[in-house]
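*Asks:* need coordinates for the below:
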Amino acid sequence: MHSRFSEKWLETTCSLLPGVHSAVFMVPDPNNDQLHLLAHSPEDLAQHQDFFAIVKYALKKNGEVCLAKAHVIDGQPLDYFAKPVYIRSRIAGVLAIKMKHLPTAKHLAVYHSLKRSIRWLALASFLKPESDEFYSSVVGMLASCFEQASYRQGLMRMVAELTSQFNCERVAFAERRGHHCSVTAVSNSADFDQRSNLVRKIADAMDEAVEQDSAILFPDIESKVIQRAHQELARKFGSGSIATIPLMSERRVFGAITLMCSEEAPLDQKTLQICEQTLSLLTPFLALKREQEKGIMAKLADSCGDGLRALFGVRHLRSKLTVTAIAAILMLTSLVETTFRITADAVLEGEVQRVVAAPISGYLLSSAVRAGDTIGQGEVMASLDDSELKLELAKLDGRLQKLRREYREAQSSRDLVGVRVIKEQINQIDAEIELVARQLDSIHLTAPFDGVVIEGDLSQKLGSPVERGDTLFKIAPLEGYRIILKVDESNISYVREGQHGALTLSSLSQRNFPIKVERITSIAKAEDGANTFRVEASLPGVPNMLRPGMEGVGKINAGQERIVWIWTHEVIDWIRLWVWSWWP
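*Replies:* Residues are numbered from 1 along each chain as shown. Take a look at the predicted model:
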């Protein structure tokens, strides 16, 4: 941080705050915790040791601090204010001022001025050493504007200094009046016509920047903002480079500045950023100066307007209407009764579900259906590979023929024992052949009744082995459904058998189906971090469009209660349980 720049900055900061006696900017030494004086104001300040206490206190607290009436000079009490200065998230120093005593309500305004001034100081951390003189001259330009006696003179001085400092052909300032900018000062021109083409085009360019809430630099091919008015201004009046900066004061648009330069000395993004920082420091002073120069009637009108806006303005009216509406709603809900309905997630199930299992071990040959398909009784659902069974049948047939020849030879040789043994072997082979034949008949899996497949998709498993008894499909009939409601344990005490309700399915959200509670299970199940009970309900008059597995939301009518109780009973129950758990 450069000492010369810091001195200029500190001098400008003191000029922004009325009643400042003295100020210092101290830099802490991280090695031995000592404080070094970098800048002070006024220049002839002889004693600065009395600032050490407030500076150390600000560093220890790491924030804004104030010591009220900490010093008295000539019977006048003085306050100390201090604020740490951070640049690029690193401590750069501490700004401390001594000024006449202020009431606590005005401390926030002092902190706000210090914060705004520190933003300007942050520019010094981005500068090269040789640029310190240039920025010092900018601070000097600000100070010269502050020295002007009137608001109008300050404007003229500002546009003249900007023209000289940034080597511009012309600089114009405009105030925001209503929804448009009105040019009030133009450099090198004490008097100008608001209706001239140049002034109107400049005002259009300012409106373009204000409406987009962005500074505009023309020409800039990488910019994403609209520059049509700036392009028209440059085309008609031959400006090589144009920059417009909206000015903000107290979160409102105060006005705008337009800089017009020649092609030999065009503006760039760095210059635009410097100009933005300069004007951000100067704008609050201009707004304050304009406010001070208003006449009594104008100030009275502004005061009345602020009072009316506070009483009937949008923000205050919205708050008042909100409070009134909340009170009316609370009163209405505490008197009106309505149906208390318990909401629970619901899923549609068939009353009967049949499992189609693999009859034998083998390999999957084909699959004709998948989950969601409607099938008829006897329709083939899948088939198993029968090649091994046919080979086994051929093998058994060959053995049977052989045994029959041996049987005839034993009969011809009158070998009674051999005849009996071979006869039993033939009977065994016949039984095995019958078993294989039955297995061949069962390799085609058929539907046991008309229904819908609710589980099973074997289209991606063709050729894979299956074991006897493996579940391949689940089938539910097209008639006879039941609703499974997952009721939270906090509401299960309000559910009774025989209660009626309504069901809305996700796939048929435009329709409600009547339901009736049939059974309440006494076992809770943990799902998604909550304990739920399984409640079964019937669904009379089942339409054809329903299918098992459909999900939705069910509501059970649990009686009549006041609306406010319906909205708050869960929270009240939770609070009651929490208090009871902690009550001794």
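*Asks:* hey, let's count contacts and neighbours off CA atoms from now on
*Replies:* OK.
*Asks:* list of residues touching stretch 430-438?
*Replies:* With contacts defined as Cα atoms under 8 Å, 6 or more residues apart in numbering, stretch 430-438 is touched by Leu389, Glu392, Leu393, Leu396, Asp397, Leu400.
*Asks:* need the worst-confidence member of those.
*Replies:* Ranked by pLDDT, the contacts of stretch 430-438 bottom out at Leu389 (74).
*Asks:* surely that residue and Ile443 touch.
*Replies:* No: if you go by Cα atoms under 8 Å, Leu389 and Ile443 don't touch, sitting 9.8 Å apart.
*Asks:* between the two, which one's more packed in?
*Replies:* Remark: of Leu389 and Ile443, Ile443 carries more neighbours, 21 against 16, as counted by other Cα atoms under 10 Å.
*Asks:* give me the phi and psi for the more buried one.
*Replies:* Dihedral pair for Ile443: phi -70, psi -10, per degrees, to the nearest 10.
*Asks:* equivalent analysis for Ala160, please.
*Replies:* phi -70, psi -40.
*Asks:* now do the contacts for the residue nearest to it when sequence neighbours are not counted.
*Replies:* Nearest non-adjacent residue to Ala160, counting by Cα to Cα, 6 or more residues apart in numbering: Ser187, 5.4 Å away. By Cα under 8 Å, 6+ apart, the contact list for Ser187 reads Met156, Val159, Ala160, Thr163, Arg170, Val171, Ala172.
*Asks:* residue contacts, the fourth one?
*Replies:* Contacts for Thr163 (Cα under 8 Å, 6+ apart) come out as Glu169, Arg170, Val171, Ser187, Leu259.
*Asks:* for the stretch 151-300 of the chain, just list every one of the strands.
*Replies:* 170-177, 180-186, 216-218, 241-249, 252-261 (DSSP state E, counting those that start in this stretch).
*Asks:* tabulate those strands (a markdown table), appending mean neighbour count and mean pLDDT.
*Replies:* Shown next, in a markdown table, are the strands of the stretch 151-300 of the chain (neighbours: other Cα atoms under 10 Å; pLDDT from 0 to 100):
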| stretch | mean neighbour count | mean pLDDT |
| --- | --- | --- |
| strand 170-177 | 22 | 88 |
| strand 180-186 | 21 | 87 |
| strand 216-218 | 24 | 87 |
| strand 241-249 | 24 | 87 |
| strand 252-261 | 23 | 87 |
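*Asks:* can I get those in TSV including distance to Gln227?
*Replies:* Listed next are the strands of the stretch 151-300 of the chain as TSV, based on distance: least, Cα to Cα, whole Å:
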stretch	distance to Gln227
strand 170-177	18
strand 180-186	17
strand 216-218	7
strand 241-249	10
strand 252-261	13
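*Asks:* which of those sits closest to Glu527?
*Replies:* strand 252-261 (52.7 Å; Cα to Cα).
*Asks:* which residues sit against the closest one?
*Replies:* By Cα under 8 Å, 6+ apart, strand 252-261 touches 163, 167-176, 181, 202, 205-206, 210, 239-248, 267, 283, 287.
*Asks:* how about the longest strand seen in the chain: buried residues?
*Replies:* Assignment by DSSP state E gives strand 508-527 as the longest strand of the chain. Neighbour-count burial for strand 508-527, with 16 or more other Cα atoms under 10 Å as criterion, is recorded at Phe513, Pro514, Ile515, Lys516, Val517, Glu518, Ile520.
*Asks:* which residues does the first one bridge with?
*Replies:* Pointing back at Phe513 there. Leu503 (DSSP bridges).
*Asks:* residue contacts, it?
*Replies:* Contacts of Phe513 (Cα under 8 Å, 6+ apart): Ala502, Leu503, Thr504, Leu539.
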